[in-house]
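*Asks:* A predicted structure for the sequence below; I have some questions about it.
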Amino acid sequence: MRLINQGCTVDPRDSDGRTPLFLASLRGNVEIVEALTKVAADVSAARVDGITALHAAAPKNNVAVIRALFDCGADVDAARVDGITALHAAAQENYLGTVMALTQHRCNINARDNDGKTPLFFAAFGGHVELVQLLVGLGAT
């Protein structure tokens with residue numbers, strides 16, 4: 001935070017388009033995520049492939065980071081360029097906690113990627129029976 005207090009930008013990007021908030025989310029560091037969002041880090045900043053901090057956190061099953069991002073207005077339905085949302089990624093990895101956090105923030109449970117696949121497809125394809133039951137119970141088709 002000392003660098004920010006000395007005037008450094010909050011959202012510099014590396015050669016891949018990653019911001020400090022993206023990297024903190026990827027690494028699951030909720031303290032840094034919260035500190036960066038307090039100084040107005042851009043929660044919607046995305047790499048060129050559309051991957052946001054929320055996408056980085058979802059397949060890591062870090063619900064605390066996901067909730068911190070939601071508290072700052074992260075778009076629950078942001079999609080990568082291939083149409084994959086955070087819910088798709090969490091369903092593919094069988095992360096029930098992350099799926100619950102995303103659905104509690106009213107994500108589009110039937111979002112389709114560019115190939116027409118839904119989070120339910122990813123859960124079923126992975127053999128994640130409990131997650132399939134959860135998604136169907138929440139209205140997934």
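*Replies:* Now that the structure is in, tell me what you want to look at.

*Asks:* just checking, residue 16 touches residue 56?
*Replies:* No. The criterion here is Cβ atoms under 8 Å, and residue 16 misses it with residue 56 at 11.6 Å. All C-beta atoms are positioned from the backbone trio N, CA, C, and that covers glycine.

*Asks:* okay, the two: which has more neighbours?
*Replies:* Looking at residue 16 and residue 56 with other Cβ atoms under 10 Å, you find the greater number of neighbours at residue 56, namely 24 against 10.

*Asks:* Is the more buried one within a helix or a strand, and which one?
*Replies:* Assigned by DSSP states H and E, residue 56 belongs to helix 53-57.

*Asks:* mean confidence for that helix?
*Replies:* Taken as a whole, helix 53-57 has a mean pLDDT of 94.

*Asks:* Dump it to PDB, keeping only the CA atoms.
*Replies:* These are the backbone C-alpha positions of helix 53-57, laid out as PDB (Å, rounded to 0.1, in the frame of the first residue of the first chain):
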ATOM      1  CA  ALA A  53     -10.100 -11.500 -11.200                       C
ATOM      2  CA  LEU A  54     -13.400 -13.400 -10.500                       C
ATOM      3  CA  HIS A  55     -12.400 -15.900 -13.200                       C
ATOM      4  CA  ALA A  56      -9.000 -16.300 -11.600                       C
ATOM      5  CA  ALA A  57     -10.500 -16.900  -8.100                       C
END
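
*Asks:* and the very next helix or strand once past that helix, what does it pack onto?
*Replies:* Next helix or strand after helix 53-57 toward the C-terminus (DSSP H and E): helix 63-71. Packed against helix 63-71 by the contact rule (3 or more Cβ pairs under 8 Å, 6 or more residues apart in numbering; DSSP states H and E) you find helix 20-27, helix 30-38, helix 53-57, helix 96-104.
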